[in-house]
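[1] kindly generate the corresponding structure for this input.
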Amino acid sequence: MRRRILAIVGGIVALAIVATVIVVQIRANDVQTRLDYITSLSPEDAKKYLEEHPEMIAEMANAESAHTARWWRLATPAERKTLIATAPEITGALDGVPYGIRDYANRKVLDTLIARKTEQLKTDPDNGQTRQTLEALKAIKIAINGKREVKRFLILLVDEELPLAAVAVGNLDSAEQVTFSVPGMGTYTNDMSLWTQSAENLYVAQGQVGAPEKRAVVAWLNYRTPPPGIDATLGAYATRGAPRLAADIRGLYATRQDDPVPTVSVVGHSYGTTMAANAIADTDLRLFAFVMLGSAGIEDRIANAAALHAERVYAGEALADQEAQWGRISRTDPRSASFGAKVIQVDGNPDQGLIGVTGHAPIIHSQWNDDPNSAAWQAYRDAEGNVDPDAFRTHFQTWGYLDAGTESLYNTAVATTRNPTAPFSRR
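    This is a model prediction of the structure:
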């Protein structure tokens, strides 16, 4: 089906785009010097300078979070205001800056990029890359706009041919519990709205099992995922993505260093478990829980669950998931006795009214996907405009790991909540 479903195969265009991770070691004095210089310029001069020196945006985004957080803490209100006005591209990516301010800056940048790509497409309407980039930018905007019960924050926006982004459901500036949700193969920002929906599903489920009111779930898509196919059996994408996840979690600690430290967990799906395992094995990120759903496998260099810097390690996989195993051709199944992750149930529990996962997809259902009148069903209409009833019936018989009402989502919520008031679902 060509509905907007995040899955290992299906209606997502495979984009074999490899992002180059820029790793720049910038000394504390250099961070202060560069930010001091930017804030000394007028908005016009700062814009011109950044256009002439685009590398500065990437360098500051990769600066050590402790250095950038220190500059922000010591900056005067006037300096902070100037940085926001003159360099929203830097402000939005700068660890140490409160996430509410980063959201404001990133929204400004997002609108600018959408306007720019729209004009470019008018000039060159056959440019497929521009069209694809614009589609992803608009998907990010849909993910953060609209009236919602829980506020969403655009905490990260990376301007690339296919943009990267991270959206927080809930306020990271005050959250006592934070969960980073990491996608796997074939998930791109042109589906940011659906991936953010999965984060909101987890946010709601955590509340139902006793998580603190002040919490946040981050729909984290700040790495280039491998396209469906052979690339998911290789480690290059995970190797490049792991430092980015580690940096963003360290950035949370740097931003919140004057507050009580929040409980931080990571939930990974498919290849996202492979990448996230690399990150938390190589760096002690002080995680509470690491949950792996439909794992594409853990690299052999990571001996067991004890080698991961997390208090608790969980893994779950549906019996109907026929895709995850192909990622484990040369990797370890985290559910194996030799690895030692605690296995959580995901195949359904009728006694508790919990639905079983029916395949490998992380999420299938959303208000858009479940509405037969939406354009998501355009390919399944007959000449009179009626949706194929068999296709619609099948849609409501299939469930992903992070769909609302599933045993997988429920147990993931329990696993990522330090003191849940509800037990794990078991059979």
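[2] relative to the whole chain's centre, how far out is stretch 207-223?
    The chain centroid and the centroid of stretch 207-223 are separated by 11 Å under Cα atoms, centre = their mean, to the nearest Å.
[3] what comes up buried for that stretch?
    Neighbour counts over stretch 207-223 (16 or more other Cβ atoms under 10 Å) mark 207, 209, 211, 215-223 as buried. In this view, the C-beta of every residue, glycine as well, is placed from N, C-alpha and C.
[4] biggest helix in the chain by residues?
    helix 99-123 (DSSP state H).
[5] helices of this structure, start to end?
    So, for the chain - with DSSP H - the helices run 28-39, 43-52, 55-61, 65-74, 77-86, 88-91, 99-123, 128-144, 192-208, 236-255, 271-282, 389-395, 407-415.
[6] re earlier: for the buried residues of stretch 207-223, give me CSV that also has pLDDT and distance to A58.
    Output for the buried residues of stretch 207-223, formatted as CSV (pLDDT from 0 to 100; distance: Cβ to Cβ, whole Å):
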residue, pLDDT, distance to A58
G207, 98, 37
V209, 98, 40
A211, 98, 35
R215, 98, 31
A216, 98, 26
V217, 98, 27
V218, 98, 21
A219, 98, 23
W220, 98, 19
L221, 98, 18
N222, 97, 13
Y223, 97, 15
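[7] nearest to D258, of the residues you listed?
    Relative to D258, the closest of the buried residues of stretch 207-223 is A216; by Cβ to Cβ it sits at 17.7 Å.
[8] spatially central residue for this structure, please.
    By Cα atoms, centre = their mean, the chain has its centre lying nearest to W220, at 1.4 Å.
[9] isn't it right next to I249, touching?
    No: contact criterion Cβ atoms under 8 Å: W220 and I249 do not qualify, at 9.4 Å.
[10] what touches both of these two?
    Shared contacts of W220 and I249 (Cβ atoms under 8 Å, 6 or more residues apart in numbering): F180.
[11] coming back round to it: now, which of the buried residues of stretch 207-223 lie within strands?
    Among the buried residues of stretch 207-223, the ones falling in strands (DSSP state E) are 215-221.
[12] ok, those vs A277, which is closest?
    W220 (14.8 Å).
[13] so who does that closest one touch?
    Here W220 is in contact with 166, 180-183, 245, 248 (Cβ under 8 Å, 6+ apart).
[14] what two of those are the furthest from one another?
    So, those by Cβ to Cβ: farthest apart are P183 and D248, at 14.3 Å.
[15] neighbour-wise, which of the two wins?
    Counted by other Cβ atoms under 10 Å, P183 and D248 do not tie: P183 has more neighbours, with 26 against 21.
[16] hang on, the more buried one packs against A361?
    No: between P183 and A361 there is no contact under Cβ under 8 Å: 10.9 Å.
[17] which residues of the chain score low on pLDDT?
    For the chain, applying pLDDT under 70 flags the ranges 1-29.
[18] the closest residue to G210 other than its chain neighbours and V346: what is the separation?
    Counting by Cβ to Cβ, 6 or more residues apart in numbering, T421 is the residue found nearest to G210 once chain neighbours are left out, at 3.2 Å. Using Cβ to Cβ, to the nearest Å, T421 is found at 21 Å from V346.
[19] those two: who's more crowded?
    The residue with more neighbours, out of T421 and V346, is V346; 29 against 10, by other Cβ under 10 Å.
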